[in-house]
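Q: how would this look folded up:
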Amino acid sequence: MNSILHFISANQQIIYIVILMIFVGIEVIGRVPSVLHTPLMSGANAIHGVVIIGAIIVMGKAGTNNYLALGLGFLAVILGTLNVVGGFVVTDRMLEMFKKKK
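A: Sure thing, here's the model as predicted:
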């Protein structure tokens, strides 16, 4: 328990920044009109592509006994890949709506 309290007190500013980023992100995303969701999805795909590359680099540099880094890196690769694939599926479905019918 003391180690958790010591970690929180040592990283208090970073924890405040992460909490603030969560609230700002929710506010920004909640106010986006539905017309802009497809272009934003394309941008999110590019960002998550970078997340996947970063997670692979973290996993490559992590030691064999550093299970936390390996587990978080693996989770980031899986979730980033799911987000990229889902974004491409949504973008493809939206673009299908604008094609001329035969």
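
Q: just how off-centre is the helix or strand hosting Gly71 within its chain?
A: Applying DSSP states H and E as the criterion places Gly71 in helix 67-97. When C-alpha coordinates are averaged (CA atoms, centre = their mean, to the nearest Å), helix 67-97 and its chain have centres 8 Å apart.

Q: other residues contacting the helix-or-strand element of the chain with minimal mean pLDDT?
A: Here the helix or strand of the chain ranked lowest by mean pLDDT, DSSP states H and E is helix 37-61, holding a mean of 79. Outside helix 37-61, the residues within contact range by CB atoms under 8 Å, 6 or more residues apart in numbering are 32, 69-70, 72-74, 76-77, 80-81, 83-84, 87-88, 90-91, 94. (Each C-beta comes from the backbone N, C-alpha and C, glycine too.)

Q: one more time with 7 Å
A: Residues from elsewhere that reach helix 37-61 (CB atoms under 7 Å, 6 or more residues apart in numbering): 32, 69-70, 73-74, 76-77, 80-81, 83-84, 87-88, 90-91, 94.
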